[in-house]
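Colleague: quick one, fold the following:
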Amino acid sequence: MNNSATDKAPIEPVIRALRLLEALNGETVMPLGRLHEETGLPKPTLVRLLDTLIAAGYVRRVSRRAGYSLAERVLRLSGGFRHTDRVVEAARPFLYALTARHKWPVALATFDGDAMIVRAGTRHASPFSTDPDYLDTRLPMLVSALGRAYLAFCPDEERETILAMLRASPARADRTARDERAVMRLLATIRARGFASTAPLRGDPATGLAVPVMQGPNVVACMTMRYFGSAMSEEEAARRYLGSMRDAAAAIASTLDEKPA
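Modeller: Below is the predicted model:
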């Protein structure tokens, strides 16, 4: 007997239970009638699912009249999903849209301790990419356009903490941090212009144009477009692409602010 089709079929009770948990996540306490409206599930089915989730510790029954609420155990379900994961998922369609429009590869990175980590990119979708696969690569803060953009636009206290770590770092790429005046001038220029560029690197034909993805005063990620420095100047690249990149960064941030459906 061929069970391949059966094995690939979704398990309906699991899907219903997840739908129920999502509905309960919308409000502090929900009565059975409201859960019926939100999920479209029959009340007898809801009662069976609720009893199962209560036994497993994910839901509690507040009272017959008030209804049900999530229990603390549901926090275990999200323990492995960080805010940065949500940023990456929100950003993917916008990264690919930029590459589809402008052809250059685009990447998104998040901050991690003393470096930027590339979390997503469109290298394989670009006809002009010459970069190796940088996914999960740690990039130095004061050399990469991504790191420079993060430092320029993050809150003052966070910036000083990061720079203090970089000044104490033995890594060659972090030595620039010891020239505090030069760093402050660089970051002030980036803030004034609204974008950061990669430090000149010998033998690298591509340079990055990077902008931050902001949530309030915080930088949740940075996005870079990699273009050939021989094809256009930094000013020309900014004139052509900065508006699209800012729009994409704002759209990503707006997506993060939306309440999940």
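Colleague: okay, CA-based contacts and neighbour counts for the rest of this
Modeller: OK.
Colleague: which parts of this protein are helices?
Modeller: 4-8, 12-24, 32-39, 43-56, 83-102, 145-153, 156-168, 180-193, 234-257 (DSSP state H).
Colleague: show me the contact partners of the fourth one.
Modeller: The reference is to helix 43-56. With contact meaning C-alpha atoms under 8 Å, 6 or more residues apart in numbering, helix 43-56 is reached by Ala17, Leu20, Leu32, Gly33, Leu35, His36, Val59, Arg60, Arg61.
Colleague: thought the second one was touching His36?
Modeller: I take that to be Leu20. No - contact criterion C-alpha atoms under 8 Å: Leu20 and His36 do not qualify, at 9.3 Å.
Colleague: these two: who's more crowded?
Modeller: Set Leu20 next to His36 and count neighbours by other C-alpha atoms under 10 Å: Leu20 wins out with 21 against 18.
Colleague: so what's that one closest to, chain neighbours aside?
Modeller: Excluding the flanking residues, the one nearest Leu20 by C-alpha to C-alpha, 6 or more residues apart in numbering is Thr39, at 6.5 Å.
Colleague: do you know which of the helices of the chain lies nearest Thr130?
Modeller: Judged by C-alpha to C-alpha, the one of those that comes nearest to Thr130 is helix 83-102, at 14.3 Å.
Colleague: in that closest one, what counts as buried?
Modeller: Within helix 83-102, the residues that count as buried by 16 or more other C-alpha atoms under 10 Å are Val87, Val88, Ala90, Ala91, Arg92, Phe94, Leu95, Tyr96, Leu98, Thr99, His102.
Colleague: which residue lies nearest the spatial centre of the chain?
Modeller: Val87 (1.9 Å; C-alpha atoms, centre = their mean).
Colleague: you'd agree that one is up against Ala221?
Modeller: Yes - if you go by C-alpha under 8 Å, Val87 and Ala221 touch, sitting 7.4 Å apart.
Colleague: low-confidence ranges, the stretch 151-261 of the chain, go.
Modeller: Within the stretch 151-261 of the chain, the segments meeting pLDDT under 70 span 258-261.
Colleague: go on, the stretch 1-150 of the chain?
Modeller: Counting by pLDDT under 70, the stretch 1-150 of the chain contains low-confidence ranges at 1-11, 72, 75-83.
Colleague: residues contacting Val87?
Modeller: Val220, Ala221, Ile252, Leu256.
Colleague: actually, Asp85.
Modeller: Per C-alpha under 8 Å, 6+ apart, neighbours of Asp85: none.
Colleague: separation between it and Pro93?
Modeller: 14 Å (C-alpha to C-alpha, to the nearest Å).
Colleague: swap in Thr122?
Modeller: Counting by C-alpha to C-alpha, the gap from Thr122 to Pro93 is 10 Å.
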